[in-house]
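# prediction below, plus the sequence it came from.
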Amino acid sequence: MTELATMDFHPRPQSGDAKPWAFPAPERGTLDNGLTVLRCHRPGQQVVAVEVLLDAPLDAEPAGLDGVATIMARAFSEGTDKHSAEEFAAELERAGATLDAHADHPGVRLSLEVPASRLAKGLNLIADALRAPAFADSEVERLVTNRLDEIPHELANPSRRAAKELSKELFPPDARMSRPRQGTEETVAAIDSAAVRGFYEKHVRPATATAVVVGDLTGIDLDALLGDTLGAWTGSSAEPRPVPPVTADDTGRVVIVDRPGAVQTQLLIGRVGPDRHDRVWPAQVLGTYCLGGTLTSRLDRVLREEKGYTYGVRAFGQVLRSAPDGTGAAMLAISGSVDTPNTGPALEDLWTVLRTLAAGGLTDAERDVAVQNLVGVAPLKYETAAAVASTLADQVEQHLPDDYQATLYRQLAATGTVEATAAAVSAFPVDRLVTVLVGDAAQIKAPVEALGIGEVTVVAAE
Amino acid sequence: MPMGHTATAQAGSGGLTATEHRLANGLRVVLSEDHLTPVAAVCLWYDVGSRHEVKGRTGLAHLFEHLMFQGSAQVKGNGHFELVQGAGGSLNGTTSFERTNYFETMPAHELELALWLEADRMGSLLTALDDESMENQRDVVKNERRQRYDNVPYGTAFEKLTALAYPEGHPYHHTPIGSMADLDAATLEDARAFFRTYYAPNNAVLSVVGDIDPEQTLAWVEKYFGSIPGHDGKPVPRDGSLPETIGEQLREVVEEEVPARALMAAYRLPHDGTRACDAADLALTVLGGGESSRLYNRLVRRDRTAVAAGFGLLRLAGAPSLGWLDVKTSGDVEVPVIETAIDEELARFAEEGPTAEEMERAQAQLEREWLDRLGTVAGRADELCRYAVLFGDPQLALTAVQRVLEITAQEVQEVAKARLRPDNRAVLVYEPTAPEAPADQDENEEAAR
């Protein structure tokens, strides 16, 4: 039933000569107020990316006030000593800028993007926000209400709901990581402007902050600009804070978050493992990619391209918090969604893929393709200023050297098949995975129990 | 292969240039050099989208896009993905109302591979297409529909709004994902006929952007694509023209298990490619394009009746564009409260027009969005194809931002007055219901609607 093509065919072309490319090396310095600055000139990138990292981690939030870091982060763009909340938003947009702020386990991060021609204006606004935030009662009150309104939306989203349940399962109840990053209805309701200001005064100061500036800096006197803006921010010095080690219970088990009538089951299968300070990281990146990095990795080759159970399943390692002393950790997980009737068969195939990997290992061809992709895509991945700034900021946040990413590419290229296999198998051991399924318990519980991948419990969605 | 425009930057193009070429088989080619980073983007737009689909076969253009990754004469199975990724490239394809695009971003020294791969499937897809691929990708696409639309709150809102805003039988009445029933009904023969009808070099534009040698690139394009025969079998697309305004307020209330009440609306707006469309873009930005917009200030900051409020613009060339309002209510606030406030703001805006400062802000926002889009080789390649396919002139991509900056406050006011009116919108209201009892339920209530 096939038909003949009518074109001239040519053999597949060979690669040309690769042109050199290296992950950009930033220039590091310190302003008089103690603020660390990393800068990086990227010709042609007319939208400049500025990331500011604050040493205000979630585990520093006072007891019962989970979410105060998030409210503080959002309140930075709700008025300063110069502008009301509405004026501040208007000034940002007038500069063609966007400013996002986000609180996570390692700290609070502000991300500014602004056309190079208006960088001065953008830096002025972010500096005002950090130096003299208004934290007006009424604005904080509004942010709290807004945050409370968001929570039901997040719980109704299958992937967000799954992430919340996995954190609760993995980490001990007293660990901040076991609870939602942005707080619960109870804790958020307790936040007011005094709490926000208290958190700010305790944890936000230039001496423990870092700014990363990336973009086309041609014709820009960045030292002068920084001196007038972020350089005018003052604050006391502070001792580094001790951070508690990350511990997790990865006893193999299954939790079903019941959503009656759901047409798909959201899967999130995870545990906690080595982070970037562990020597195994490059091999783990490689092995995880071979397992589930793309459509042609082992998981999708079966679950999507052979069986059609899913639009796509991915395996990944995501740093939760990193520390030079080895007390950090990464979330190692597999996620995706499968249609409800095929939930049992899909999980069975998924476990078979993991067992096959453990029994037979990766092939050299798989390893080679993975290295070529992971290393080869770097110039594409880091074309924009924002992508470079984000990775440089990650490195700072994770206490890694500025040349970490460049070194990682060399290490990936030098990692063999045997090491990648070993890392993938120890990252995803079949009997040490916590499985969260957000779906219709009435339809999926029995087939999942039959798989013998751990005890199955059902919890309500709300 | 006559050379089109020369590579001299036009005013307002930010120094970017592009050249145009046409192969004997009708394939249009656009090249744009940029040697800052050793990468090259290949983008191929086929002038076919969901608007070309016929009754009973919605979703076919998108399902077909998936089949384009299932192998061709010289590329086995998932080889297209494997070869691109193995060369350090990234790739994908997407389907919209008006076009289907395929793209690879490659390290510059792997450009030739991407051209070879695109040519192989353009010329020989049907030698490899079989039932197994068809059945597998049908299941994958149905799962894509479940994941992105059916299994998320408000997931089918856009589909419902589109169906309201474009009348039954109109080519834009349905969205690219299609219905489950039609995805089930599509046959291998439908897919073959679709390819034979629409996948021809003279129905496509190829752009290559980045660290390239234009002469060498053009030689490769000629070598790999030049022998693929063009054909004129493409039917004239169904007429998408409609009166400028709907003429009445259409309304649908959805009772569903969603986390909060919502008010959404679709306004009929001028076609893409016109000054009036750029003016509408600015109007929607002033009214609902960020945290300093009028609706955000009114509903989220002052009245505190909404958790989120904003406007989006879906630019369309073959039918009226669509302005999409999306408001999620705060707490127990009722929809009429929100609706009254919105109508007040829209009426006031039509009466006053934007302030000079609002114009400055909206233009600065749209300018940054354009800089972002043109800041990557892949973004630039896609925009060049867009203007070539939809408006016949890729050069327009390079001056698009300039045109937005030339729009006057008066034009913005005029379009708001004429179009952002209650009798020119389709309204969709969500009223939450209690969670279902854990009993057997119809799994797919969308299909029954």
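The structure has been received and is ready for your questions.

# which stretches of the chain form strands?
With no chain named, the answer covers chain A. A:27-30, A:36-41, A:47-54, A:98-104, A:107-115, A:210-215, A:253-258, A:264-273, A:310-321, A:329-339, A:434-439, A:455-460 (DSSP state E).

# meant chain B actually
Counting by DSSP E, the strands of chain B are B:19-22, B:28-33, B:39-46, B:90-95, B:100-107, B:204-210, B:250-256, B:262-269, B:306-314, B:321-329, B:425-432.

# before we move on, the earlier item: turn the strands of chain A into TSV, including mean pLDDT, distance to residue B:289 and mean neighbour count.
C-beta here means a position set from N, CA and C on the backbone, and glycine is covered the same way. As requested, these are arranged in TSV below (pLDDT from 0 to 100; distance: least, Cβ to Cβ, whole Å; neighbours: other Cβ atoms under 10 Å in any protein chain shown):
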stretch	mean pLDDT	distance to residue B:289	mean neighbour count
strand A:27-30	98	36	13
strand A:36-41	98	30	20
strand A:47-54	98	17	25
strand A:98-104	97	12	19
strand A:107-115	98	16	23
strand A:210-215	98	23	27
strand A:253-258	98	36	21
strand A:264-273	98	32	26
strand A:310-321	97	30	21
strand A:329-339	98	32	25
strand A:434-439	98	33	27
strand A:455-460	97	39	13
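
# which one of these lies closest to residue B:176?
Smallest distance to residue B:176 across the strands of chain A (Cβ to Cβ): 14.7 Å, for strand A:310-321.

# now check stretch B:98-108, is it near chain A?
Yes. Looking at stretch B:98-108 against chain A by Cβ under 8 Å from any Cβ of the partner chain, the contacts come from B:105, B:106, B:107, B:108.

# swap in stretch B:36-52?
Yes. Judged by Cβ under 8 Å from any Cβ, stretch B:36-52 comes into contact with chain A at B:36, B:37, B:38, B:39.

# against chain B, how distant is the spatially most central residue of chain A?
With distances taken as Cα atoms, centre = their mean, residue A:318 lies nearest the centre of chain A, 6.2 Å away. For residue A:318, the distance to chain B (Cβ to the nearest Cβ, to the nearest Å) stands at 20 Å.

# could you give the bridge partners of that residue?
Per DSSP bridges, the residues bridged to residue A:318 are residue A:331.

# and the gap between it and residue A:337?
According to Cβ to Cβ, to the nearest Å, residue A:318 stands 18 Å off from residue A:337.

# how about low-confidence regions in chain A?
For chain A, applying pLDDT under 70 flags the ranges A:1-5.

# pick out the residue of it closest to chain B.
Closest to chain B within chain A is residue A:376: 1.6 Å, counting by Cβ to the nearest Cβ.

# and that residue, how many residues sit next to it?
24 (other Cβ atoms under 10 Å in any protein chain shown).

# what of residue B:171?
20.

# which one is it nearest to, not counting chain neighbours?
The spatial neighbour of residue B:171 that comes closest, neighbours along the chain excluded (Cβ to Cβ, 6 or more residues apart in numbering or on different chains), is residue B:51 at 3.8 Å.

# touching, the one you found and residue B:319? I think so.
Yes. Using Cβ atoms under 8 Å, residue B:51 makes contact with residue B:319 at a distance of 7.4 Å.

# need the residues touching each of the two.
The contact sets of residue B:51 and residue B:319 overlap at B:97, B:171, B:172, B:240 (Cβ atoms under 8 Å, 6 or more residues apart in numbering or on different chains).

# for chain A, state which of the residues you listed is nearest.
Scanning the shared contacts of residue B:51 and residue B:319 for proximity to chain A, where the rule is Cβ to the nearest Cβ, the winner is residue B:97, at 20.9 Å.

# got a list of what residue 37 touches?
If you meant another chain, say so; for now it's chain A. A:28, A:29, A:30, A:31, A:210, A:211, A:212, A:213, A:226, A:230.

# looking at chain B here, not the other one
A:21, A:44, A:379, A:383, B:210, B:211, B:377.

# got any ranges where chain B has weak pLDDT?
In chain B (pLDDT under 70), the answer is B:1-14, B:436-449.

# go again using 90 as the cut-off
For chain B, the stretches with pLDDT under 90 are B:1-16, B:231-238, B:375, B:434-449.

# identify the residues contacting stretch B:304-315?
So stretch B:304-315 is contacted by A:142, A:145-146, A:149-150, A:153, B:260, B:269, B:272, B:277, B:280-281, B:284-285, B:287-290, B:293, B:295-296, B:299-300, B:321-330, B:333, B:337-338, B:341 (Cβ under 8 Å, 6+ apart).

# hmm, 6 Å instead?
Applying Cβ atoms under 6 Å, 6 or more residues apart in numbering or on different chains, the contact partners of stretch B:304-315 are A:146, A:149, B:272, B:281, B:284, B:287-288, B:295-296, B:299-300, B:321-330, B:333, B:337-338.

# what of stretch A:91-106?
Applying Cβ under 6 Å, 6+ apart, the contact partners of stretch A:91-106 are A:57-58, A:69-70, A:73, A:76-77, A:109-115, A:118, A:121-122, A:125, A:320-321, A:397, B:290, B:292, B:360-361, B:364-365, B:367-368.

# contact distance from chain A - what residues of the stretch 201-350 of chain B qualify?
Within reach of chain A by Cβ under 6 Å from any Cβ of the partner chain, the stretch 201-350 of chain B has these residues: B:227, B:228, B:229, B:259, B:290, B:291, B:292, B:297, B:307, B:330.

# now, of those residues, which are buried?
Buried members of these, counted by 16 or more other Cβ atoms under 10 Å in any protein chain shown: B:227, B:228, B:259, B:290, B:291, B:292, B:297, B:307, B:330.

# tabulate the residues you listed (TSV), appending distance to residue A:425.
What follows is those, written out as TSV (distance: Cβ to Cβ, whole Å):
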residue	distance to residue A:425
B:227	48
B:228	46
B:259	40
B:290	48
B:291	47
B:292	52
B:297	55
B:307	45
B:330	49
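
# now the two most distant members of the residues you listed.
Farthest pair in these (Cβ to Cβ) is B:227 and B:330. Separation: 61.7 Å.

# number of nearby residues for the residue of the stretch 51-200 of chain B found nearest chain A?
Ranked by Cβ to the nearest Cβ, the top residue of the stretch 51-200 of chain B for proximity to chain A is residue B:88, at 1.6 Å. Each residue near residue B:88 was counted by other Cβ under 10 Å, and the total is 25.

# who's in contact with the closest residue in space to residue A:177 that isn't next to it in sequence?
Closest residue in space to residue A:177, ignoring its immediate chain neighbours: residue A:171 at 4.4 Å, by Cβ to Cβ, 6+ apart. Neighbouring residues of residue A:171 by Cβ under 6 Å, 6+ apart: A:177, A:178, A:248.
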